[in-house]
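K.L.:
can't give you the sequence, but here's the structure:
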């Protein structure tokens, strides 16, 4: 599957983020008639190409990452600075609310390590961005058996996504749908 990745500025305003994504796609395709539109659940899609194309977008920290593909795809990421020791969020409680029992167990077994929560969160979010179902679907699938991460969920590949840009070590990304 061919994937094009755009690393863009994460603007605070939704309209500016939309404009940046649409501009990048138009320039890449050399097609001013292309539009980026959104489903009722907020999943972006492309209109105006001769063949169906797919996009997924994640915003975190100062980065907006847009994945463009000829196959359905989902991307999510987190800026790891949000999960430092000064953050007092109870990730075990969040995992028990939003994750499967196996996933919540994985977080509980981490003795408060927020990275366990983040590793699951980005994989689950990438998957629901691919499916377009949203966070309400989180309890309906698992990305781990509590010890290891699954390579596929419901036949969809999910994996860590590495990309190089200045400061990339401060981010964790996952992609769903790409082999």
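P.N.:
Yes, it's here. Here the structure is a predicted model, which means the values were calculated and not measured.

K.L.:
What residues are bridge-paired with the residue nearest in space to the middle of the chain?
P.N.:
Centroid-nearest residue in the chain: residue 76, 1.4 Å away (criterion: C-alpha atoms, centre = their mean). Bridge pairing for residue 76 (DSSP bridges) gives the partners residue 174.

K.L.:
hang on, isn't it packed against residue 122?
P.N.:
Yes - here residue 76 reaches residue 122: they are 4.6 Å apart, a contact under C-beta atoms under 8 Å. Quick note: C-beta positions are derived from backbone N, CA and C, even for glycine.

K.L.:
Between those two, which contacts overlap?
P.N.:
When C-beta atoms under 8 Å, 6 or more residues apart in numbering defines a contact, the residues bordering residue 76 and residue 122 alike are 173-174.

K.L.:
For the residue nearest to the centre of the chain, give me the pLDDT.
P.N.:
In the prediction, the pLDDT value recorded for residue 76 is 98.

K.L.:
from here on, count from 26
P.N.:
Shifting the count to begin at 26 puts that one at residue 101.

K.L.:
What sits closest to residue 175 if chain neighbours are left out?
P.N.:
Nearest residue to residue 175, sequence neighbours excluded (C-beta to C-beta, 6 or more residues apart in numbering): residue 168, at 5.7 Å.

K.L.:
Could you report the neighbour count for the one you found?
P.N.:
26 (other C-beta atoms under 10 Å).

K.L.:
distance of it from residue 204?
P.N.:
Residue 168 is 17 Å from residue 204, where distance means C-beta to C-beta, to the nearest Å.

K.L.:
for residue 41, same thing?
P.N.:
Taking C-beta to C-beta, one finds residue 41 at 33 Å from residue 204.

K.L.:
Quick check on the two: which one has the bigger neighbour count.
P.N.:
Taking neighbours as other C-beta under 10 Å, residue 41 and residue 204 compare with residue 41 leading, 14 against 8.
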